[in-house]
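*Asks:* any chance you can model this:
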Amino acid sequence: METSLHRQLKHRYAGRESDVEVTVGRYRIDAVRDDELIEVQCASLSAIRDKIRALLDRHRVRVVKPIATRTRIRRLKKSGGPVASRRMSPKRGAAVDVFEDLIYFTRLFPHPNLTIEVVSVQVEQTRVPARRRRRWHADHRVEDVALEEVLGTAEIRQPADLLSLIPWQRSASPHDHPSGAADHKSPNGDASSDGDASSDGDASSDGDATWDGGATWDTARLAELIDRPRWFAQKVAYVLRHTGAVEVAGRGRGGVLYRCRPPATAAASAEISTDLPTVDRAA
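*Replies:* Below you'll find the model as predicted:
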């Protein structure tokens, strides 16, 4: 069932009612703006991977991926009934969470006709009592998710844009080496284990700088920077490596060392195709 969040974002990007739920070839498109097809995907990107691959051959496509950075929980006594409580969830998301989905797009991105837009949102989640309570299961079910506020957006067009989602400048001391260890050497030398610098920042803050001085890092340091478990940092590194945003620089005691590639090197294609056909809305 379509959530309010999906419907609200769909109309927000389309602008006009006639540009929503448009048939293009054999596909139903969430919205069309000028000659760009827009797909809003609140669930996993894996569900639309094949659809996007087929559309990219002939169309410019924008995939809108909302990330709930703040969530207000609204509990109802029953479906359609009065509100029992309303509170803010202590859990916070961040734009970097999109990497968990981008792992399914490493064979699609980068593409000259593809733009991925990460939308940080505050949402209200409506919960109602579960029909049947079972052990180890939540005592509620989510009835709807609605948009309260758009907090920010980030467009990803080329691999270098992925690096802007990571808070590279978060560190415990301005004297820390960017790799997280003051005695990390170049990939041709010995590399020591990661330092114990702690991160100090909000989990929802996004970075505003990338490393361009040849510094190396591993997934342990990356996990500190993004304030996520190492298994998640390994997914981020996988996406960055397979999209060309970073390169392997060697191995250290903590595992593989990576280095961010210069934007000009990481860019996939300088220009977006300009000879694409207009959108044919025939059923």
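*Asks:* alpha carbons only for contacts and neighbour counts from here, please
*Replies:* Will do.
*Asks:* in three-state terms, label the residue nearest to the spatial centre of the chain for me.
*Replies:* The centre of the chain sits closest to V98, judged by C-alpha atoms, centre = their mean, with a distance of 1.9 Å. Under the three-state scheme (DSSP: H, G, I helix; E, B strand; the rest coil), V98 adopts helix.
*Asks:* against G15, how distant is it?
*Replies:* Distance, V98 to G15, using C-alpha to C-alpha, to the nearest Å: 25 Å.
*Asks:* now S164
*Replies:* To G15, S164 is 28 Å away according to C-alpha to C-alpha.
*Asks:* cool, and L151?
*Replies:* For L151 relative to G15 (C-alpha to C-alpha), the value is 19 Å.
*Asks:* and what of L147?
*Replies:* The value you get for L147 to G15, if C-alpha to C-alpha is used, is 16 Å.
*Asks:* between those two, which is the more surrounded one?
*Replies:* L147 (20 against 13; other C-alpha atoms under 10 Å).
*Asks:* the more buried one sits in which helix or strand?
*Replies:* Element membership of L147 [criterion: DSSP states H and E] is strand 140-156.
*Asks:* what mean pLDDT would you report for the helix or strand just after that strand?
*Replies:* Sequence-wise, the next helix or strand downstream of strand 140-156 (DSSP H and E) is helix 159-163. Across helix 159-163, pLDDT averages out at 94.
*Asks:* likewise stretch 222-241?
*Replies:* Computed over stretch 222-241, the average pLDDT equals 96.
*Asks:* kindly report the same for stretch 128-140.
*Replies:* The model assigns stretch 128-140 a mean pLDDT of 73.
*Asks:* can you give me the end-to-end span of that stretch?
*Replies:* Terminal residues of stretch 128-140 are spaced 5 Å apart (C-alpha to C-alpha).
*Asks:* same check on stretch 222-231?
*Replies:* Stretch 222-231 has an end-to-end distance of 11 Å (criterion: C-alpha to C-alpha).
*Asks:* next one: stretch 24-38
*Replies:* Note: stretch 24-38 ends 11 Å apart using C-alpha to C-alpha.
*Asks:* make residue 1 into 717 and carry on from there
*Replies:* Happy to do that; since the first residue is 717 now, the last one works out to stretch 740-754.
*Asks:* what bridges to R791?
*Replies:* Legend: beta-bridge partners of R791 under DSSP bridges are S801, R843.
*Asks:* what about the longest helix in the chain?
*Replies:* The longest helix of the chain (DSSP state H) is helix 946-958.
*Asks:* contact partners of that one?
*Replies:* With contact meaning C-alpha atoms under 8 Å, 6 or more residues apart in numbering, helix 946-958 is reached by 815-816, 818-819, 822, 875, 878-879, 935-936, 938-939, 942, 962-964.
*Asks:* which of those are buried?
*Replies:* Neighbour counting with 16 or more other C-alpha atoms under 10 Å marks 815, 818-819, 822, 875, 878-879, 935-936, 938-939, 942, 962-964 as buried within the contacts of helix 946-958.
*Asks:* closest to R808 among those residues?
*Replies:* I942 (12.6 Å; C-alpha to C-alpha).
*Asks:* any idea how many residues pack against P806?
*Replies:* 8.
*Asks:* for A800, same thing?
*Replies:* 12.
*Asks:* wait, it sits on R791?
*Replies:* Yes: A800 lies in contact with R791 (C-alpha atoms under 8 Å); the separation is 5.4 Å.
*Asks:* and the helices in the protein?
*Replies:* 720-730, 765-772, 815-818, 875-879, 935-942, 946-958, 979-982.
*Asks:* buried residues in the first one?
*Replies:* Judged by neighbour count (16+ other C-alpha under 10 Å), helix 720-730 contains these buried residues: L721, H722, L725, K726, H727, Y729, A730.
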